[in-house]
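**Student:** make a model of this:
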Amino acid sequence: MALANAQVFLFLIVFSFMFVLSMANFNYTWAGGKWNKTNCPYGNNYHPNATQTSNKFNVGGSENWHYGFDYMDWARKNGPFFVNDTLVFKYDAPNPNGGFPHSVYLLPNYWSFIKCDLRRAKRIANPNQGAGKGFEFVLKKSQPYFFACGEHGGIHCNNGTMKFVVMPLKRWPF
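**Tutor:** Predicted coordinates:
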């Protein structure tokens with residue numbers, strides 16, 4: 001029973017952290033029965049990602065999914081993400097002349113993400129799936145999603161750059 005309570009407490013802390021992080025660029029206040037978005041970098045308009053339709057994001061933007069890029073920074077700058085948004089992972093197919101291939105793993109929890117522990121992770125895209133139009137992953141639930149490159153025992157994840165987390169929010173009618 002104590003373990004279940006600890007897990008609930010940990011989930012609440014992680015969820016709260018992700019919610020605060022997704023709202024960090026805005027000075028949200030509650031006034032007059034609605035959210036007031038002062039100091040929003042987009043003026044009084046909503047964030048461009050906050051549409052009533054799903055959006056598609058190329059992970060890493062024009063950089064795509066490769067070694068040496070800071071994807072946590074990319075996720076922070078491109079959020080918030082919403083349920084039913086699509087993440088597109090584009091990366092080069094394995095090169096027979098050498099180089100490191102990439103893949104996409106979905107890690108089961110925060111601790112696996114921090115430690116780059118791939119033992120219980122699920123490979124959602126193999127090294128060949130990122131070529132061409134890339135691999136698409138739809139954020140189906142409002143829960144944290146922990147992504148990492150898992151090739152060669154997670155070496156690209158372990159250096160801290162080829163991993164990121166998103167916490168999609170539910171869209172509410174405004």
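**Student:** and the lowest mean pLDDT element among the helices and strands of the chain?
**Tutor:** Least confident element among the helices and strands of the chain, by mean pLDDT, DSSP states H and E: strand 27-31 (a mean of 53).
**Student:** ok, P168 - contacts?
**Tutor:** P80, F81, F82, V83, N84, D85, L139, K141, S142, Q143, Y145 (Cβ atoms under 8 Å, 6 or more residues apart in numbering). Yep, even glycine has a C-beta here, placed from its N, CA and C like the rest.
**Student:** quick one: the closest residue to it other than its chain neighbours from Y145, how far?
**Tutor:** Among residues not flanking P168 along the chain, L139 sits closest, at 4.2 Å (Cβ to Cβ, 6 or more residues apart in numbering). Plainly put, L139 is 6 Å away from Y145 if you go by Cβ to Cβ, to the nearest Å.
**Student:** coming back round to it: so what's the residue nearest to P168 up against?
**Tutor:** By Cβ under 8 Å, 6+ apart, the residues touching L139 are F81, F82, V83, N84, D85, T86, L87, Y145, V166, P168.
**Student:** could those go into JSON lines alongside pLDDT, distance to P127 and secondary structure?
**Tutor:** JSON lines is the format used below for the contacts of L139 (pLDDT from 0 to 100; distance: Cβ to Cβ, whole Å; DSSP: H, G, I helix; E, B strand; the rest coil):
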{"residue": "F81", "pLDDT": "93", "distance to P127": "25", "secondary structure": "coil"}
{"residue": "F82", "pLDDT": "94", "distance to P127": "29", "secondary structure": "strand"}
{"residue": "V83", "pLDDT": "93", "distance to P127": "29", "secondary structure": "coil"}
{"residue": "N84", "pLDDT": "94", "distance to P127": "27", "secondary structure": "coil"}
{"residue": "D85", "pLDDT": "95", "distance to P127": "24", "secondary structure": "coil"}
{"residue": "T86", "pLDDT": "96", "distance to P127": "21", "secondary structure": "strand"}
{"residue": "L87", "pLDDT": "97", "distance to P127": "18", "secondary structure": "strand"}
{"residue": "Y145", "pLDDT": "97", "distance to P127": "20", "secondary structure": "strand"}
{"residue": "V166", "pLDDT": "96", "distance to P127": "22", "secondary structure": "strand"}
{"residue": "P168", "pLDDT": "95", "distance to P127": "26", "secondary structure": "coil"}
